[in-house]
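[1] here is my input; please provide its structure:
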Amino acid sequence: MAGQTKTVKINGVFEVVDPTNVSSPREVIKDLTTQVTQVASYDPWCIPGSTTNLQISFGGVTLAKKVYLYTDQPVTLKLNQSTDTGFSFGPGDGFFSSTLGITAVYISTGPNATNVTAIIAGD
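    Numbering: from 1, shown residues only. So this is what the prediction gives:
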């Protein structure tokens, strides 16, 4: 329902474990209080190979506070503007947070078609 407040909950641990089972470094990722009013999701979404700067639709989300992405192929991502250099992502999953907001996500694929799952949460 549009305009209804929802809470985004992220809870996990990022750690590197050595052969003796000692974690170092170990960071707890916990955010259980981010409030949003809009959510858009895509699962799965197949983007053709050799696509450049395709803007992921925020589906009515004006300012994203949390973005989750999964890709099954390596891609280049750009946040907020398509003129940035961008950064390599995937294959795999991850999330981006911004209390100030993310206004756009652009994705460029390699030669292969790429399956993408995206969840955009914000206001």
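
[2] burial check on residue 27, number of neighbours?
    Applying other CB atoms under 10 Å, we find 11 residues neighbouring residue 27. Heads up, the C-betas are built off the backbone N, CA and C, glycines and all.

[3] hey, what's it bridged with?
    Beta-bridge pairing of residue 27, defined through DSSP bridges, involves residue 14.

[4] shouldn't it be in contact with residue 12?
    No: in this structure residue 27 lies outside contact range of residue 12 using CB atoms under 8 Å: 9.4 Å.

[5] stretch 116-123: which residues count as buried?
    Across stretch 116-123, burial judged by 16 or more other CB atoms under 10 Å covers 116, 118-122.

[6] quick one: residues in contact with it.
    6, 8, 34, 36-47, 56, 58-59, 61-71, 75, 93, 101-102, 105, 107 (CB atoms under 8 Å, 6 or more residues apart in numbering).

[7] roughly how far apart are the residue nearest to residue 28 when sequence neighbours are not counted and residue 48?
    For residue 28, ignoring the flanking residues on the chain, the nearest one in space by CB to CB, 6 or more residues apart in numbering is residue 13 at 5.6 Å. Distance of residue 13 to residue 48, computed by CB to CB, to the nearest Å: 36 Å.

[8] many thanks, I have nothing further to ask.
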